[in-house]
Every structure is written in structure tokens, then in C-alpha cells.
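Colleague: Predicted coordinates and the sequence they were generated for:
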Amino acid sequence: MKKKILVLCTGNSCRSQIAHGYLQLFGGHKVDVYSAGVETHGVNPKAIATMKADGVDISAHTSNNVVEYQGIDFDFVITVCENAKEKCPTISRQAVKFHHSFPDPAKAVGTDEEIKKEFERVRNLIKIYCQEFTNDNFKH
């Protein structure tokens with residue numbers, strides 16, 4: 001049976017979307033991945049572009065509010081920022097909870113190239129985390 005994973009962030013626009021893409025990629029047929037925010041800000045076009053550059057298409061993802069998933073019994077809930085960890089409602093009592101706070105690339109300032117580099121840096125941190133998470137929780 002597939003394991004259900006929920007990734008939570010503040011606005012479900014960058015970090016949770018990136019993690020959603022990698023967890024689905026690395027977990028494959030063993031997982032159903034959902035992502036949500038305590039608010040919804042829309043999927044950030046820079047997150048879509050930075051994932052596309054690594055061969056992962058998240059362009060069809062939508063920005064969802066966590067309350068939309070209250071009827072789902074998740075096996076894992078991963079918060080990827082402090083705000084989501086603090087404000088996360090109880091979604092699934094049975095879920096194993098994980099937390100790893102990643103920098104918010106949407107807050108990056110500078111030239112277009114500097115902002116792009118920050119998105120890539122954060123994407124790579126999330127990619128490593130997701131690879132380790134799937135290796136630890138879904139032995140092949």
C-alpha cells in the first residue's frame with residue numbers, strides 16, 4: 001500500500017513544492033505526495049523553473065491550503081519551515097512528523113542571477129533531504 005506524505009510550508013509556493021517534486025520522484029510508486037501551506041501563495045514560477053532545470057516538472061502543481069487535506073490519513077507530515085511547524089493544525093494523529101527548516105528562496109534579493117543561484121542552492125538542499133528521507137523510510 002502506498003504511503004501518504006504531506007509536505008507543509010507557509011504559502012505552498014516554493015519549498016514544499018520542490019520537496020513534493022523530489023519526494024514523488026524518489027518515492028515513485030511507493031508514495032502519494034501532497035503539499036500544502038498554512039496559506040496559499042500560488043506556485044512560484046522560479047520554483048518551477050529551477051526544478052525543470054533539474055529534470056523535474058512541477059508545472060502542473062497547485063497551491064493548496066492544508067485544510068483541504070483534513071480527511072486524509074497521512075503516514076508522514078514534513079514541515080519545511082518554522083512558520084508551518086508552529087501553525088500546522090493536527091492533520092493526522094497517526095502521521096510520523098518530521099521537520100527541517102529550509103531558507104525561503106522567494107525572499108532572496110539581488111540580481112536575477114543571484115536570485116536564481118539562491119533558488120538552486122535551496123533546491124539542492126531540499127533534494128538531498130528528500131533523497132535521504134526516501135532512503136531512510138522506503139527501503140528498496
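Modeller: Nice, I can see it.
Colleague: sec struct for the nearest residue to Thr10 once chain neighbours are set aside, please.
Modeller: Computed as Cβ to Cβ, 6 or more residues apart in numbering, the closest residue to Thr10 that is not its neighbour in sequence is Asn83, at 4.5 Å. (Each C-beta comes from the backbone N, C-alpha and C, glycine too.) Under DSSP: H, G, I helix; E, B strand; the rest coil, the three-state class of Asn83 is helix.
Colleague: Tell me how many other residues crowd Asn83.
Modeller: 18 (other Cβ atoms under 10 Å).
Colleague: Also Thr111?
Modeller: 8.
Colleague: Just the pLDDT at it, thanks.
Modeller: Model confidence at Thr111, given as pLDDT, is 97.
Colleague: What backbone torsions are found at it?
Modeller: phi -70, psi 170 (degrees, to the nearest 10).
Colleague: OK, contacts around it?
Modeller: Counting by Cβ atoms under 8 Å, 6 or more residues apart in numbering, Thr111 touches no other residue.
Colleague: Ile5 now?
Modeller: 23, 27, 31-34, 74-78.
Colleague: on that earlier part again, just checking, the residue nearest to Thr10 touches Val38?
Modeller: Yes. Using Cβ atoms under 8 Å, Asn83 is in contact with Val38, at 6.8 Å.
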